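Asks: Structure for this input, please:
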Amino acid sequence: MIMSMANDDRLRTTVEASQWSTKEDWAKWLRHFSIELLKESPSPALRTCSRMAQLQPFVRRELFAAGFVSCWSQLNEASQRQLVRSLQMAFSSPNIPPEILATLLNLAAVGILTYAQQHLGVQLKESWYEKL
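Replies: Alright, predicted model coming up:
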């Protein structure tokens, strides 16, 4: 399987969150960020889904965390810091709509679980949805 590297500059400019004020601005920002994460993912499967994500909001929402996690590991340290700053600005924005905030909080939860599994030796049992 051929893996490509995420384009740091492209993701850095996409995630910039300082200029959004309306619900529509934030929705457009998240839509664009989600699609760029998929386009820049080192995973061929996620890159393939980027086109469908442009057409289907459900696909974008469902693959947002996977796209983020796959790109994060490919970013250099400076790009990771910039991405964190942009997300912090989004979290602290008084204008961010609840549904966008929920998406970002879900991303934070995924990050915490991933970190715990990789660095703290935490082993998670089957999730409820895996038992279905």
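
Asks: make it CA atoms for all contacts and neighbour counts henceforth
Replies: Fine.

Asks: and the gap between the closest residue to Ile35 other than its chain neighbours and Asn106?
Replies: Leaving aside its chain neighbours, Ile35 sits nearest to Ser50 (5.7 Å; criterion: C-alpha to C-alpha, 6 or more residues apart in numbering). As judged by C-alpha to C-alpha, to the nearest Å, Ser50 and Asn106 stand 20 Å apart.

Asks: who's more crowded, these two?
Replies: Ser50 (23 against 14; other C-alpha atoms under 10 Å).

Asks: Past the helix or strand where that one lies, which element shows up next along the chain?
Replies: Per DSSP states H and E, Ser50 falls inside helix 44-55. On the C-terminal side of helix 44-55, the nearest following helix or strand under DSSP H and E is helix 57-72.

Asks: Could you list the buried residues of that following helix?
Replies: 59-61, 63-72 (16 or more other C-alpha atoms under 10 Å).

Asks: what stretches of the protein score poorly on pLDDT?
Replies: 1-18, 111-119, 121-132 (pLDDT under 70).

Asks: contacting residues around Leu101?
Replies: Neighbouring residues of Leu101 by C-alpha atoms under 8 Å, 6 or more residues apart in numbering: 90-91.

Asks: Show me the strands in the chain, by range?
Replies: Counting by DSSP state E, the chain has no strands at all.

Asks: May I have the phi/psi pair for Phe93?
Replies: Quick fix: residue 93 reads Ser, not Phe. As for Ser93, its main-chain torsions (degrees, to the nearest 10) stand at phi -70, psi 130.

Asks: Before I go, just wanted to say thanks for your time.
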